[in-house]
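Novice: Okay, here's the prediction I keep looking at, along with the sequence it came from:
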Amino acid sequence: MQKTNSDDLNIVLLPDENTLKSAIRLSQILTTSIPSEFALDRDKFRPHITLYQGRFPTQNIPILFEKINNLSKKLNPIDVAMQNFYISPGKFVWWNAEKNEILNLHNEILLLANPLRDGLIPEPSLEQLPNLSGIERENVIKTGAIYNGTLYTPHITLTRIKNDADKEKTLTLLNQNKQALSFTAAEIVIASLGQHGTISEIVQTYSL
């Protein structure tokens with residue numbers, strides 16, 4: 001998504017074909033039964049695991065690309081195991097992944113990418129959200145988003161439900177259709193950040 005003198009970017013891992021199909025299937029099961037904001041697909045709302053997302057001044061983006069490229073050359077492919085389901089306070093439906101290596105990669109990317117934001121936040125009102133805890137508000141100010149650092153949990157967002165009253169039904173549907181899946185991620189991808197943290201256009205890809 002283009003902004004004046006800045007871009008909103010999402011640094012991610014992409015699932016393999018089997019996990020992608022499963023994520024889209026689960027998302028569509030939910031969105032056909034429960035009022036939701038979006039359904040995953042192969043184009044506009046691609047399944048992904050966010051490593052770090054932020055709004056970056058245009059002049060800093062080539063620096064970001066160079067840093068991610070240099071980091072990728074030092075890394076091996078990462079094994080990803082999909083696990084349980086969770087609904088965040090913002091009503092995002094997460095299909096969580098085992099932390100392990102992904103958490104280490106998140107922390108590395110956080111350290112190199114966060115300073116390049118120059119303090120910009122993808123949603124300028126994010127730090128004004130009600131009911132944020134102290135650490136959540138601090139994360140927004142210091143890292144540009146809530147779920148970074150100690151609050152980071154790798155996940156594929158399946159959709160965002162509209163009503164709190166549907167949380168129990170959502171989790172029941174997911175657990176009825178759960179599959180034990182794992183895959184190996186061999187690339188770090190930088191994509192344009194869309195509404196609700198979704199991604200569409202892939203901007204850069206770096207092999208591990």
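Specialist: Cool, got the structure. The structure presented is a predicted model; accordingly, all values stated were derived computationally and were not measured. Residues are numbered from 1 along each chain as shown.
Novice: Quick check: which ranges of the chain have low pLDDT?
Specialist: When the per-residue scores of the chain are filtered using pLDDT under 70, the ranges that remain are 1-4, 124-128.
Novice: show me the contacts for the closest residue to Ile156 other than its chain neighbours.
Specialist: The shortest distance from Ile156 to any residue that is not its chain neighbour, by Cβ to Cβ, 6 or more residues apart in numbering, is 4.6 Å, and that residue is Trp95. Every C-beta, even on glycine, is put in place using the N, C-alpha and C of the backbone. Under the criterion of Cβ atoms under 8 Å, 6 or more residues apart in numbering, the contact partners of Trp95 comprise Ala23, Leu26, Met82, Gln83, Phe85, His155, Ile156, Thr157, Leu158, Leu174.
Novice: Help me confirm that Trp95 is found in a strand?
Specialist: Yes: looking at Trp95 with DSSP: H, G, I helix; E, B strand; the rest coil, it is inside a strand.
Novice: Next one: it relative to Lys142, how far apart?
Specialist: Using Cβ to Cβ, to the nearest Å, one obtains 27 Å as the distance from Trp95 to Lys142.
Novice: And Lys178, by the same measure?
Specialist: When distances are taken as Cβ to Cβ, Lys178 and Lys142 turn out to be 35 Å apart.
Novice: With Ile68 instead?
Specialist: Between Ile68 and Lys142 the computed distance is 20 Å (Cβ to Cβ).
Novice: Give me the subset of the contacts of Trp95 that lies in helices.
Specialist: Taking DSSP state H, the ones among the contacts of Trp95 that sit in helices are Ala23, Leu26, Leu174.
Novice: Cross-check the contact I'm expecting between the first one and Leu40.
Specialist: Same thing as Ala23. Yes: between Ala23 and Leu40 there is a contact at 5.7 Å, judged by Cβ atoms under 8 Å.
Novice: Give the full set of residues in contact with Tyr206.
Specialist: Here Tyr206 is in contact with Ile68, Asn69, Ser72, Glu187, Ile188, Val189, Ile190 (criterion: Cβ under 8 Å, 6+ apart).
Novice: what residue is smack in the middle of this protein?
Specialist: Central residue of the chain (Cα atoms, centre = their mean): Thr50, 2.8 Å from the mean position.
Novice: Would you double-check that it falls in a helix?
Specialist: No: applying three-state DSSP, one finds Thr50 to be strand, outside a helix.
Novice: can you pull up the bridge partners for it?
Specialist: When bridges are assigned using DSSP bridges, the partners listed for Thr50 are Val12.
Novice: Distance of it relative to Ile161?
Specialist: Shown here: Thr50 relative to Ile161, a distance of 19 Å by Cβ to Cβ.
Novice: Under a three-state scheme, what state does Leu30 occupy?
Specialist: Secondary structure, three-state DSSP: Leu30 is helix.
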